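Asker: Would you be able to build a 3D model of this:
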Amino acid sequence: MSLPSPAESSEKADGLTGLMSGLRDLAWRILEAGFLLIGLIVLVYLLLGTGSGAFVQGVIANLGALVAALTPQALVGVAIVVAITHLLKRR
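Answerer: So this is what the prediction gives:
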């Protein structure tokens, strides 16, 4: 059994890096689409109110429960993580 040459290892690593980059981009697009869908549902609820349907009202109820469950400490923690991430990206 022989070890792969450095050129073969480099090609495999480049292929894996490209694959991971593509998967990351796909995940971000799916996340963005989800947030846009939630925004659209909130807009429908704001326009139609209680006549918007059971699904839309369920999503709004779940968002309300999520906001009610967030404590001030959790919000501060999220803000700290976002700030640290922003500072690290600026470097």
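Asker: which is the next helix or strand following the longest helix anywhere in the chain?
Answerer: Scanning the chain for the longest helix, with DSSP state H as the assignment, gives helix 6-48. Proceeding N to C from helix 6-48, the next assigned helix or strand is helix 54-69, under DSSP states H and E.
Asker: elements contacting that next one?
Answerer: On a contact count with 3 or more CB pairs under 8 Å, 6 or more residues apart in numbering; DSSP states H and E, helix 54-69 meets helix 6-48. Glycine gets a C-beta too; all of them are placed from N, C-alpha and C.
Asker: How far does the helix it packs on sit from its chain's centre?
Answerer: Put simply, helix 6-48 sits 8 Å off its chain's centre (CA atoms, centre = their mean, to the nearest Å).
Asker: Show me what it packs onto, helices and strands only.
Answerer: Counting contacts by 3+ CB pairs under 8 Å, 6+ apart, helix 6-48 is packed against helix 54-69.
Asker: angle of the helix it packs on against helix 6-48?
Answerer: Between the axis of helix 54-69 and that of helix 6-48 there is an angle of 110 degrees, by axes from the mean of the first three to the mean of the last three CA atoms, to 10 degrees.
Asker: buried set for helix 54-69?
Answerer: For helix 54-69, a neighbour-count test (16 or more other CB atoms under 10 Å) marks V56, Q57, V59, I60 as buried.
Asker: go on, stretch 71-79?
Answerer: Buried, per 16+ other CB under 10 Å, within stretch 71-79: nothing.
Asker: Thank you kindly, that will do.
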